[in-house]
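Engineer: With the input below, show me the fold.
(chains A and B)
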Amino acid sequence: MSEIEIRHLTKKFEVNKHWITALEDVNLSIESGDIYGVIGMSGAGKSTLVRSINFLEKPTEGQVLIEGTDLAELSGRELRKKRSEIGMIFQGFNLLEQKNVIDNVCFPLEIAGVKKKEASARAIELLKMVQLEEKERAYPSQLSGGQKQRVAIARALATSPKILLCDEATSALDPQTTESILKLLKEINEKLGITIVIITHQMSVVTSICTKVAIIDSGRLVEEGSVEKIFESPSSDAAKELLSGVKRQASSLEILPAYRVIRIVFSENSAYEPVLSNVILKFGVPVNILKADTKNVNGKAKGEMLLGLPDDPEVQEQIIAYLKERELIVSEVKDYAG
Amino acid sequence: MLDEKVILMLLEGIRDTLYMTLFSTFAGYVLGLPLGIILNVTRADGLKPNRVIYRILDITCNIVRSIPFLILLILLIPFTRALVGQSYGSTATIVPLVICAAPYIARVVESSLNEVDAGVIEAAKSMGASDFQIIRKVLLVEAKTSLLTGMTITTGLLLGYSAMSGTVGGGGLGDIAVRYGYYRWQTDIMIVTVILLILIFQIIQNVGMKIANLLDHRKR
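Structural biologist: A predicted model of the protein is given here:
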């Protein structure tokens, strides 16, 4: 049984007497202990998807099952109980501005009716875990963005949930702070065995901590699988776009490709051979490196390069065949607009 | 001019004015606070949207608020007499003051609560909070500075209205000003009452804003 199972989920909103489909027939299984990334461009429907997991958004059609329980079948009281077993953090942190740090962390326990003394002890324990024990009397307005998100994480964990939902939790933070928050989430996942669902538009977030990923494009789930697999050989346009950072809707002028552009991915073991130099020497043609980068995908170093190939289609095919022979993963980049 | 009799009268005037102002503010909140909460909760993007309830309260508040206070004072005379047995004096003035204040307070409370960040409410929902818990522990707590500012403004307004009731024998400093200043041409006594009203207003305004700022943890 999956920890979270989403079946044929469709969500429509009525806006000015028009129905807008935010999600269409989404199916997803998230296993216990996963760090599951859901990635998509803004407006793709990923926020609606994460809000469906704790029924902040009720689906128009389809089901959401948490540990086999269909949320639609729960009474109001049972649903609130279930929600308290699912922690959630947000892009805007959403801390209570008029309460200090420790009272914020105690808040979900107060709601659940836990005694004040017991709640305080638990809150101090959690603040230690997020390394903010010395800030317990501070108010949110006195904290930095990263500190606020740490308080929010401690608060989300107060009721010892089995699931933690993160809605663009690092989108308002700078790269260093993002990294430290992601590290913290990974630690929480490993230490407490909590299933984490991360909604983001940043591929770097997915590649650095997620084990699995789903790609949402215009309300549909277009691709799903291990992060490694999708990083190496993305099949959907949305995945390629998110990986390369290249926009699909380029202007008509930019759509005319100067030359054929391919993306190659190599892992640690294939990084020794000077493949590119060999290509140039072997075929006697110039190859243009448009972008080169190394990424840490779940602790493994992955190199990625965008190459502009020469005009001759025959040579292009030969180069691609040669690269594939060297066990590199080659994919086309359409509409490269530099 | 300021002999013992006049001073005693002015002291009684201050007492009556404070009694009318503070009591009508208190009673106004007993009625207006729940109304304001209901307005906030039932609005289109509130916790429990309900068009019918919202529209009824919305229109009722607007009707009462569009009647000038002096006219409300006269309109309510039979009602006041039935309720407290007489239509003049400070206790009688409290009745129209409360009726006038309640819808005003409801609006002030509604707009304070509307300012609470929707994200914080969503976070509370995600923790499993009930609507009642959200009202008590999130809306009223997060909006407390704005609510206190609103209360200060309301108290100031009611101080002015209580003085206005002096024209129909409402008691308090306004009554003294009208009786001595207008009917007896004793401008000096009128000026003293006006100065006293200004002082009381300043004290209410300053103390109210001080408390609101002291309890606000958003800045710094």
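Engineer: Give me the distance between the spatially closest residue to A:Asp312 that is not a sequence neighbour and A:Gln318.
Structural biologist: Nearest residue to A:Asp312, sequence neighbours excluded (C-beta to C-beta, 6 or more residues apart in numbering or on different chains): A:Val285, at 7.6 Å. All C-beta spots, glycine's among them, are computed from the backbone N, C-alpha and C. A:Val285 sits 10 Å away from A:Gln318, going by C-beta to C-beta, to the nearest Å.
Engineer: what sits against A:Asp174?
Structural biologist: A:Gly145 (C-beta atoms under 8 Å, 6 or more residues apart in numbering or on different chains).
Engineer: tell me the phi and psi of B:Gly169?
Structural biologist: Here is the backbone geometry of B:Gly169 (degrees, to the nearest 10): phi 80, psi 40.
Engineer: For it, give me its contacts.
Structural biologist: Taking C-beta under 8 Å, 6+ apart as the test, what B:Gly169 contacts is B:Tyr88, B:Gly89, B:Asp175.
Engineer: Now do the SS call for the first one.
Structural biologist: Put simply, B:Tyr88 is coil when judged by DSSP: H, G, I helix; E, B strand; the rest coil.
Engineer: Skipping its backbone neighbours, what lies nearest it in space?
Structural biologist: B:Gly169 (3.9 Å).
Engineer: For the longest helix along chain A, buried residues please.
Structural biologist: If you go by DSSP state H, chain A has its longest helix at helix A:175-192. The neighbour-count check on helix A:175-192 (16 or more other C-beta atoms under 10 Å in any protein chain shown) flags A:Thr177, A:Thr178, A:Glu179, A:Ile181, A:Leu182, A:Leu184, A:Leu185, A:Ile188, A:Asn189 as buried.
Engineer: and the angle from whichever helix or strand comes after that helix to helix A:175-192?
Structural biologist: For helix A:175-192, the following helix or strand on the C-terminal side (DSSP states H and E) is strand A:195-200. For strand A:195-200 against helix A:175-192, the angle by axes from the mean of the first three to the mean of the last three C-alpha atoms, to 10 degrees is 160 degrees.
Engineer: Please list the strands that strand A:195-200 pairs with in its sheet, giving the direction of each pairing.
Structural biologist: Neighbouring strands of strand A:195-200 in its sheet, by DSSP bridges, are strand A:35-39 (parallel), strand A:163-167 (parallel).
Engineer: Just want the most central residue of chain A.
Structural biologist: Ranked by distance to the mean C-alpha position of chain A (C-alpha atoms, centre = their mean), the top residue is A:Gly37 at 3.5 Å.
Engineer: element containing residue 205?
Structural biologist: Here I'm looking at chain A. Judged by DSSP H and E, A:Val205 forms part of helix A:203-209.
Engineer: right idea, wrong chain: chain B
Structural biologist: Residue-wise, B:Gln205 maps onto helix B:187-214 under DSSP H and E.
Engineer: can you list the residues of the stretch 101-250 of chain A near chain B?
Structural biologist: When proximity is defined by C-beta under 8 Å from any C-beta of the partner chain, the stretch 101-250 of chain A lies next to chain B at A:Phe107, A:Pro108, A:Glu110, A:Ile111, A:Ala112, A:Tyr139, A:Pro140, A:Ser141, A:Gln142, A:Thr159, A:Leu165.
Engineer: measure the nearest residue to the fourth one once chain neighbours are set aside to B:Pro103 for me?
Structural biologist: Once its chain neighbours are removed from consideration, A:Ile111 has its nearest residue in B:Ala129; the separation is 4.8 Å (C-beta to C-beta, 6+ apart). Here the criterion is C-beta to C-beta. By it, B:Ala129 lies 29 Å from B:Pro103.
Engineer: re the thing from before, give the buried residues for the helix holding B:Gln205.
Structural biologist: Those would be B:Ile189, B:Met190, B:Val192, B:Thr193, B:Leu196, B:Leu197, B:Ile200, B:Phe201, B:Ile204, B:Gly208, B:Ala212, for helix B:187-214 by 16+ other C-beta under 10 Å.
Engineer: Quickly list what the residue nearest to the centre of chain A is bridged to.
Structural biologist: The partner residues for A:Gly37, given DSSP bridges, come to A:Ile198, A:Val213.
Engineer: Could I get the contacting residues of it?
Structural biologist: By C-beta under 8 Å, 6+ apart, the contact list for A:Gly37 reads A:Ile198, A:Thr200, A:Val205, A:Val206, A:Cys210, A:Lys212, A:Val213, A:Ala214, A:Val227.
Engineer: Using CSV, lay out these together with pLDDT.
Structural biologist: Shown next, in CSV, are those (pLDDT from 0 to 100):
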residue, pLDDT
A:Ile198, 96
A:Thr200, 93
A:Val205, 91
A:Val206, 92
A:Cys210, 94
A:Lys212, 94
A:Val213, 94
A:Ala214, 94
A:Val227, 90
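Engineer: Could you save those as TSV and add columns showing neighbour count?
Structural biologist: Compiled in TSV, the contacts of A:Gly37 are given as follows (neighbours: other C-beta atoms under 10 Å in any protein chain shown):
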residue	neighbour count
A:Ile198	27
A:Thr200	24
A:Val205	24
A:Val206	27
A:Cys210	27
A:Lys212	21
A:Val213	26
A:Ala214	25
A:Val227	22
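Engineer: how about the residues of chain B near chain A?
Structural biologist: B:117, B:119-120, B:122-130, B:133, B:137-138, B:141-142, B:144-145, B:215-220.
Engineer: The residue nearest to the centre of chain A and B:Ile63, how far apart?
Structural biologist: When A:Gly37 is compared with B:Ile63 (using C-beta to C-beta), they lie 55 Å apart.
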